[in-house]
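Student: just need the structure, nothing else, for what follows:
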Amino acid sequence: MRSFPADLVRAQLAWSATYRELAERPGRAESRRRLYRLSAEVFFHPYWQRRRPAPAAWWELRSLGRSDGAGN
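Tutor: Residues are numbered from 1 along each chain as shown. Predicted coordinates for the structure are as follows:
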């Protein structure tokens, strides 16, 4: 497992929670705006400037935001 910066992991966790919230209650403009902001925060994070993201790296980061936050 890669070691991601804490702020990137927090943003991914918040993204996943917001995505689940929108899935349960679609049409909420505030949640959509938050999801857009978090998407940009994750995608343009400085971590990706040092290392070009491989699909496996994106998958690992996304798995951190699923279920219990540990990828389980």
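
Student: go ahead and flag the most central residue of the chain.
Tutor: Q12 (2.3 Å; C-alpha atoms, centre = their mean).

Student: keeping just the C-alphas, turn the helix or strand hosting that one into CSV.
Tutor: Using DSSP states H and E, Q12 sits within helix 6-24. What follows is helix 6-24, C-alpha atoms only, in CSV (Å, rounded to 0.1, in the frame of the first residue of the first chain):
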residue,chain,number,x,y,z
ALA,A,6,-2.9,12.9,5.3
ASP,A,7,-4.7,15.8,3.7
LEU,A,8,-5.2,13.9,0.4
VAL,A,9,-6.6,10.9,2.3
ARG,A,10,-9.0,13.2,4.3
ALA,A,11,-10.2,14.8,1.1
GLN,A,12,-10.8,11.4,-0.4
LEU,A,13,-12.7,10.3,2.7
ALA,A,14,-14.8,13.4,2.5
TRP,A,15,-15.4,12.9,-1.2
SER,A,16,-16.6,9.3,-0.6
ALA,A,17,-19.0,10.4,2.2
THR,A,18,-20.4,13.2,0.1
TYR,A,19,-20.9,10.9,-2.9
ARG,A,20,-22.8,8.4,-0.7
GLU,A,21,-24.9,11.3,0.7
LEU,A,22,-25.8,12.3,-2.8
ALA,A,23,-26.7,8.7,-3.8
GLU,A,24,-29.1,8.6,-0.9
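
Student: buried set for it?
Tutor: Buried residues in helix 6-24, counted by 16 or more other C-beta atoms under 10 Å: 8-12, 14-19. Backbone N, C-alpha and C define where each C-beta goes, glycine included.

Student: excluding sequence neighbours, find me the nearest residue to L22.
Tutor: Nearest residue to L22 in three dimensions, chain neighbours excluded: S31, at 5.0 Å (C-beta to C-beta, 6 or more residues apart in numbering).

Student: tell me the secondary structure for the residue with the largest distance to the centre of the chain?
Tutor: Distance from the C-alpha centroid of the chain, by C-alpha atoms, centre = their mean, peaks at G27 (20.2 Å). Secondary structure state of G27, per DSSP: H, G, I helix; E, B strand; the rest coil, is coil.
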